[in-house]
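>>> Got a predicted model here, sequence first, then my questions.
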Amino acid sequence: MIQVLDSTLREGEQTPGVYFDGHIKLAIAELLDEIGIDIIEAGHPMVTPEIFEAVRQITNHNLKAKIGAHSRSLEADIDLALECGVDFLGIFYCVSDERLNHVFKKDLNNAIDQIARVIAYAKAMKPELTIRYTPEDTVRSKFENVVEASVAAIEAGADIISVADTTGFMIPRSEHNMYDFISRLREIFDKKDLSPKIAVHCHNDRGLAVANALDAVHAGAEIVDVSVLGLGERAGITDMAQLLIILQSENLEHSLWNLNKLPELYQIVSKYSKVPIPAHYPLVGKNAFTHCAGVHTHAAVKDPTHYQSINPSIVGREMNVSLDHMSGISSVQWALEKLEVEIDINLLERILAIIKSIGQKGRTVDLEELHHIIEWCKKHPATEKLYI
């Protein structure tokens with residue numbers, strides 16, 4: 001079964017302008033736990049005292065999920081994370097030649113020594129700690145560097161190796177694709193008789209984070225990093241809701257996730273991040289299960305599966321019909337049933353004409369306004385000129 005690591009509280013706060021107060025972080029963590037997320041990456045304690053305290057509070061809140069912290073390959077970061085009481089620790093260090101030469105001013109051997117030393121230190125301090133090592137910018141680094149650093153990390157005590165597409169570089173079925181990378185890495189680990197879990201962290205710079213994450217899963221990756229609304233650096237990372245619904249569709253064992261909590265989770269994250277949910281956003285957007293064109297609604301009101309492949313009840317929502325310039329008779333009939341109102345065909349056609357007129361002004365008619373339109377039409381005979 002694929003495990004999901006949510007990084008809304010860590011990667012999500014790397015979205016420019018986004019910060020969650022401690023009490024909001026705890027509320028988000030509780031919803032993540034209700035959904036059934038396996039690992040909650042609560043933050044990088046070294047960044048600010050407030051983040052440290054939030055990580056500590058979440059860790060001590062007795063949630064079912066593992067609570068994790070982010071850490072550089074430095075003992076000081078490890079000490080602070082362990083002081084929070086976390087049971088998962090993500091340690092990162094880039095081993096690309098470019099970063100080693102121009103940023104760290106170290107050769108590969110010195111970098112690997114530091115990585116292994118820090119991981120061994122963390123494991124010695126807390127043997128039951130789950131440790132993930134990420135060679136940052138994994139997929140653009142020299143593959144031999146990634147392998148050498150990863151093997152040393154595993155031998156030092158790392159339980160998970162995370163493949164990070166830090167710049168959203170990978171493209172499925174291209175020369176650079178996640179499926180081949182994960183397959184190749186797994187094959188090498190198998191040959192060396194090493195069995196770490198492989199995680200994947202996909203950025204969305206090309207709009208392919210979800211596709212690349214699925215590519216990785218199909219190649220054998222066992223953990224996927226996500227965030228609510230795909231929040232994160234630049235274009236963000238893999239969106240949680242989109243990944244969960246796909247994984248659940250592919251494998252019934254994932255039906256244990258409580259997906260009807262997703263709208264509530266997305267609303268609270270959107271509210272306090274001040275990042276709006278696009279109306280057309282899959283699953284949680286206002287229009288995700290709303291049918292508009294008359295041909296669509298005529299079929300959908302009879303059987304929603306004609307134009308829906310996802311049952312909205314899975315995520316705690318209902319099918320809806322838009323009333324606007326695209327509407328037909330079946331759209332209005334659907335809305336009238338919602339209002340429990342019966343009218344004759346002549347009145348219905350007049351109401352439809354008004355709805356179309358309003359729709360051409362660039363807005364839709366909700367059920368409350370529909371009620372007012374019905375009353376208006378009843379009080380004004382068909383021979384009267386109506387100014388709407």
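Cool, the structure landed. Numbering: from 1, shown residues only.

>>> where along the stretch 151-300 of the chain do the helices fall?
178-191, 209-218, 240-250, 262-273, 294-300 (DSSP state H, counting those that start in this stretch).

>>> what's in contact with the last one?
Outside of helix 294-300, the residues within contact range by Cβ atoms under 8 Å, 6 or more residues apart in numbering are 291, 306-308, 319, 321, 326-331, 334. To be clear about C-beta, it is placed using only N, CA and C from the backbone, and glycine gets the same treatment.

>>> Repeat that for the fourth one.
Residues outside helix 262-273 that contact it (Cβ under 8 Å, 6+ apart) are 8, 12, 15, 18, 20-21, 24, 27-28, 31-32, 35, 228-229, 231, 240-241, 244, 275-277, 283-284, 315-317.

>>> let's go with 7 Å and repeat that
With contact meaning Cβ atoms under 7 Å, 6 or more residues apart in numbering, helix 262-273 is reached by 8, 15, 18, 20, 24, 27-28, 31, 35, 228-229, 231, 241, 276-277, 283-284, 315-317.

>>> Out of those, which end up buried?
Taking 16 or more other Cβ atoms under 10 Å as the criterion, what is buried in the contacts of helix 262-273 is 8, 15, 18, 20, 24, 27-28, 31, 35, 228-229, 231, 241, 277, 283-284, 315, 317.

>>> Show me the residues you listed that map onto strands.
Counting by DSSP state E, no part of the buried ones among the contacts of helix 262-273 is found in strands.

>>> on that earlier part again, highest mean neighbour count out of the helices of the stretch 151-300 of the chain?
Across the helices of the stretch 151-300 of the chain, averaging neighbours per residue (mean count of other Cβ atoms under 10 Å) puts helix 209-218 on top, at a mean of 24.

>>> helices or strands up against that one?
Secondary-structure packing of helix 209-218 (3 or more Cβ pairs under 7 Å, 6 or more residues apart in numbering; DSSP states H and E): helix 178-191, strand 197-202, helix 240-250.

>>> I'd like the distance from the longest one to the chain centre, please.
Put plainly, it is helix 178-191. When distances are taken as Cα atoms, centre = their mean, to the nearest Å, helix 178-191 is centred 25 Å away from the chain's centroid.

>>> Pull it out as CSV, backbone CA atoms only.
Extracted in CSV, the C-alpha atoms of helix 178-191 (Å, rounded to 0.1, in the frame of the first residue of the first chain):
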residue,chain,number,x,y,z
MET,A,178,10.4,9.2,-13.2
TYR,A,179,9.5,5.6,-14.0
ASP,A,180,12.9,4.7,-15.5
PHE,A,181,14.7,6.6,-12.7
ILE,A,182,12.9,4.8,-9.9
SER,A,183,13.2,1.4,-11.7
ARG,A,184,16.9,1.9,-12.1
LEU,A,185,17.5,3.0,-8.5
ARG,A,186,15.5,0.0,-7.2
GLU,A,187,17.4,-2.4,-9.3
ILE,A,188,20.7,-1.1,-7.9
PHE,A,189,19.4,-1.4,-4.3
ASP,A,190,18.3,-4.9,-4.9
LYS,A,191,21.6,-5.9,-6.3
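
>>> now for that helix, which elements pack on it?
Helix 178-191 is packed against strand 160-165, strand 197-202, helix 209-218, with contacts defined by 3+ Cβ pairs under 7 Å, 6+ apart.

>>> now the ones you listed in TSV, with distance to Leu256 and mean pLDDT?
Shown next, in TSV, are the helices and strands packed on helix 178-191 (distance: least, Cβ to Cβ, whole Å; pLDDT from 0 to 100):
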stretch	distance to Leu256	mean pLDDT
strand 160-165	21	98
strand 197-202	19	98
helix 209-218	17	97
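
>>> domain ranges for this structure?
3-257, 290-379 (automatic domain parsing).

>>> what about the helices and strands packed on helix 209-218, which gets the closest to Leu74?
Set against Leu74 and scored by Cβ to Cβ, these come closest in strand 197-202, at 20.1 Å.

>>> Taking strand 160-165 as reference, get the angle to the closest one.
Going by axes from the mean of the first three to the mean of the last three Cα atoms, to 10 degrees, strand 197-202 is angled at 20 degrees with respect to strand 160-165.

>>> Adjacent strands (with direction) for strand 197-202?
Applying DSSP bridges to the sheet, strand 197-202 is found paired with strand 160-165 (parallel), strand 223-226 (parallel).

>>> Which one of these lies nearest to Pro49?
Proximity to Pro49 (Cβ to Cβ) singles out strand 223-226 among the strands paired with strand 197-202, at 25.5 Å.

>>> can you count the residues close to His203?
A total of 25 residues lie near His203 under the criterion other Cβ atoms under 10 Å.

>>> Who does it form a beta bridge with?
Applying DSSP bridges, one finds that His203 bridges with Ile237.

>>> In contact with it, which residues?
Neighbours of His203 in contact, by Cβ under 7 Å, 6+ apart: 165-168, 209, 232-235, 237.

>>> can we see that at 10 Å?
Shown in contact with His203 (Cβ atoms under 10 Å, 6 or more residues apart in numbering): 11, 164-170, 209, 212, 225, 230, 232-238.

>>> likewise Asn60?
Counting by Cβ under 10 Å, 6+ apart, Asn60 has contacts 67, 84-85.

>>> from these, which is closest to Leu74?
Cys84 (15.6 Å).

>>> Surely that closest one is in contact with Pro49?
No: using Cβ atoms under 10 Å as the test, Cys84 is too far from Pro49 to be in contact (11.7 Å).
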